[in-house]
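A.B. asks: model this:
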Amino acid sequence: FKDEPLPGNLDIADLRFDSQQRLWVSTLENGVFLIDFQNEGIQHLTNDKYNRNSLLSNKTLGIYEDTQKGIWVATGNGISLYDPYLFKFNRLTQNELPYQLTMSEVSQIDKDAQGNIWFATSETGIFKIDNCSGAVSHFGKEDSALSSNAVYAIQFIGDQLWISTADSEIQVLSSGGDGL
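C.D. replies: Prediction:
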């Protein structure tokens, strides 16, 4: 690590260990740093406007690993999905997402016990993609128990979804059935 230290002025948004025990560090302005403790290496993953296989945005807010070892990165412009076998990102922008999924800034990603993937957004509430059908559900202040559409963090513990919102509120909602 001596030759590749992390910059000292990082605004770190999220830290996640993957299944290979590597640490993914998301930052608010500097993309993602991937720290491999076993090989003592640090890889800096950033946006390159000329490379569609790069990170979608350098504003990264959350990281999640799926069951196929894909790394989902929540960014200021949508979602970047890192393919660990091809060593590249696939970009999921508004144009490439199911039409029901209207999100610009994804703040966090998590999975429930049924394998459904949930997305917190800073403007439009929470979205869920059903693991079996691929159906998209939206949960906002207007149609659920959510107190605000500005959701910054989500975490599942059992069937309870812990939520942090812009109005400094922490909510604990049940994710049982199709709703919140």
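
A.B. asks: what residues are up against residue 19?
C.D. replies: Residues near residue 19 by Cβ atoms under 8 Å, 6 or more residues apart in numbering: 65, 69. Where C-beta positions appear, they are placed from N, C-alpha and C, glycine not excepted.

A.B. asks: helix, strand, or coil at it?
C.D. replies: Under DSSP: H, G, I helix; E, B strand; the rest coil, residue 19 falls in the coil class.

A.B. asks: check what pLDDT it gets.
C.D. replies: At residue 19, the model reports a pLDDT of 95.

A.B. asks: same check, this time on residue 67
C.D. replies: Model confidence at residue 67 (pLDDT) stands at 85.

A.B. asks: wouldn't it be in contact with residue 115 here?
C.D. replies: Yes. Look at residue 67 against residue 115 with Cβ atoms under 8 Å: they come within range, at 7.1 Å.

A.B. asks: more neighbours: those two, which one.
C.D. replies: Between residue 67 and residue 115, counting by other Cβ atoms under 10 Å, residue 115 is the more crowded of the two (12 against 9).

A.B. asks: so that one sits against residue 129, correct?
C.D. replies: No. Using Cβ under 8 Å, residue 115 is not in contact with residue 129, being 10.0 Å away.

A.B. asks: how many neighbouring residues does residue 40 have?
C.D. replies: A count of nearby residues for residue 40, using other Cβ under 10 Å, gives 11.

A.B. asks: swap in the one 10 residues further on?
C.D. replies: As a burial measure, residue 50 scores 5 neighbours (other Cβ under 10 Å).

A.B. asks: shouldn't it be within a helix?
C.D. replies: No. Counting by three-state DSSP, residue 50 is not found in a helix; it is coil.
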